[in-house]
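Enquirer: the following block contains a protein sequence and its predicted model.
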Amino acid sequence: YDWKPVKEYREILFESCQGVGKITINRPRYRNAFTPLTVQEMIDAIDHCRYANDINVVVFTGANDPNEARQAFCSGGDQNIKGVGGYVGEDGVPRLNVLDLQKRIRSLPKPVVAMVNGYAIGGGHVLHVVCDLTIASENAIFGQTGPKVGSFDGGFGSSYLARHVGQKKAREIWFLCLQYSAQEALDMGLVNKVVPFDQLEEATMEWCLIMQQRSPLALRMVKAGLNAELDGQAGIQELAGNATLLYYFTEEAQEGKKAFLEKRAPDFQQYPKFP
Ligand code: 2NE
């Protein structure tokens, strides 16, 4: 694939090709653990994807380490800079800004695919959980470590995980902190597809290209609808925002604005009503 750089960053790569924006965590030395800067850069890149007309699908992945047999998608928060109150950024302030990234992924009105090329552990596991689809290579390993290393994600990392694999399995994953193979992940409904390592990008692109043949507005509405059921009032707000977007396309909505500007009473009755 002819990936072209979209924007330069320090800890991620952001490239695009054939309507797909690919965001790669580029810290293979640390199994692609994220710092506040990595996360800030991922947020910046996904915000770019939101507004870019030529990006229809977003892929998250981890950089492969040419010196290692074992690869990583993401090993979660960088433990070297975990301070008191969160992960300490270059400004010395502790934070957990990966939660902001999770929300961005869910509310992006375009499909987001996790292309899991190796370890998806801790916050790195949650990252794939919040993506719309996960395609994993056969060597991928999945698991949470929070209760082993003094952390947890009781938000999407727990409740949305339980929607994927069920309550019993989600509790097992969090309470025991075991590791699961790609095949086990597939069997429990945690991932959509497993392919050989050397076919991972091809398989991911194949699905991304199929999704681009589908109606973008339809995908946007379905994603908002699936989210709304789970996300309470915030989810309904997203879905309703999409309904408002579509309403603004109608002549009936235009009539309201026109009448206001023309200082007359609106005539909404002239438009058809649907059963
Ligand atoms: C990922 C895993 C299982 C890989 O194991 P292995 O044996 O293949 O590699 P190794 O030797 O552990 O790691 C290679 C190098 O990467 C560093 C290691 O310290 C090691 O460095 P050196 O010894 O060569 O100097 N490394 C790996 N993961 C790191 C990390 N997360 N932070 C900093 N350095 C890391 C294995 O490495 C592993 O289990 N990693 C830790 C996974 C983990 O516990 N992550 C944090 C969970 S908490 C979290 O992410 C979180 C949350 O719970 C809630 C909200 C937000 C975040």
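Expert: Thanks, I have it.

Enquirer: counting neighbours, what do you get for Val112?
Expert: By other C-beta atoms under 10 Å, the residues close to Val112 number 21. In short, each C-beta sits where N, CA and C put it, glycine included.

Enquirer: same thing with Gly122?
Expert: Gly122: 27 neighbours (other C-beta under 10 Å).

Enquirer: need the contact list for it.
Expert: Each residue near Gly122 by C-beta atoms under 8 Å, 6 or more residues apart in numbering is listed here: 75-77, 143-146, 149, 151.

Enquirer: and those, which is closest to the ligand?
Expert: Proximity of these to the ligand (C-beta to the nearest ligand atom) peaks at Gly76, which lies at 2.3 Å.

Enquirer: tell me if I'm right that that closest one and Tyr119 touch.
Expert: No: the criterion here is C-beta atoms under 8 Å, and Gly76 misses it with Tyr119 at 9.4 Å.

Enquirer: tell me which residues of stretch 150-160 come out buried.
Expert: Applying a neighbour-count criterion of 16 or more other C-beta atoms under 10 Å, one finds 151, 153, 156-158, 160 buried in stretch 150-160.

Enquirer: among those residues, which lie within strands?
Expert: When DSSP state E is applied, the buried residues of stretch 150-160 are split such that none fall in strands.

Enquirer: intersect those with the contacts of the ligand.
Expert: 151, 153 (C-beta under 6 Å from any ligand atom).

Enquirer: in CSV: the buried residues of stretch 150-160, plus pLDDT.
Expert: Shown next, in CSV, are the buried residues of stretch 150-160 (pLDDT from 0 to 100):
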residue, pLDDT
Ser151, 96
Asp153, 98
Phe156, 97
Gly157, 98
Ser158, 98
Tyr160, 98
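
Enquirer: farthest-apart pair in the buried residues of stretch 150-160, please.
Expert: Using C-beta to C-beta, the buried residues of stretch 150-160 span at most 17.2 Å, a distance reached by Ser151 and Tyr160.

Enquirer: confirm Glu45 sits in a helix?
Expert: Rather than Glu, residue 45 is Ala. Yes: checked against DSSP: H, G, I helix; E, B strand; the rest coil, Ala45 lies within a helix.

Enquirer: skip the chain neighbours and tell me the closest residue to it.
Expert: Closest residue in space to Ala45, ignoring its immediate chain neighbours: Phe14 at 4.4 Å, by C-beta to C-beta, 6 or more residues apart in numbering.

Enquirer: counting by contacts, list what the helix or strand encompassing the one you found packs against.
Expert: Assigned by DSSP states H and E, Phe14 belongs to strand 12-17. On a contact count with 3 or more C-beta pairs under 8 Å, 6 or more residues apart in numbering; DSSP states H and E, strand 12-17 meets strand 4-7, strand 20-25, helix 36-51.

Enquirer: name the surrounding residues that touch the longest one.
Expert: When contacts are taken as C-beta under 8 Å, 6+ apart, the neighbours of helix 36-51 outside the stretch itself are 6-7, 9-12, 14, 21, 23, 25, 27, 34, 55, 58, 60, 78, 81, 87-90, 95, 97-98, 100-101, 104-105, 108-110, 112.

Enquirer: buried subset of these?
Expert: Among those, the ones that count as buried by 16+ other C-beta under 10 Å are 6, 9, 11-12, 14, 21, 23, 25, 27, 34, 55, 58, 60, 78, 81, 87-89, 95, 97-98, 101, 104-105, 108-110, 112.

Enquirer: which parts of this protein are helices?
Expert: 36-51, 98-107, 123-130, 146-149, 161-165, 167-176, 182-187, 200-212, 216-247, 251-261 (DSSP state H).

Enquirer: out of these, deepest packed?
Expert: Burial of these is given as mean neighbour count (mean count of other C-beta atoms under 10 Å); helix 123-130 ranks first at a mean of 27.

Enquirer: near the ligand, which residues of the stretch 101-250 of the chain?
Expert: Listed as neighbours of the ligand in the stretch 101-250 of the chain under the rule C-beta under 6 Å from any ligand atom: 119, 121-123, 145-146, 149, 151-153.
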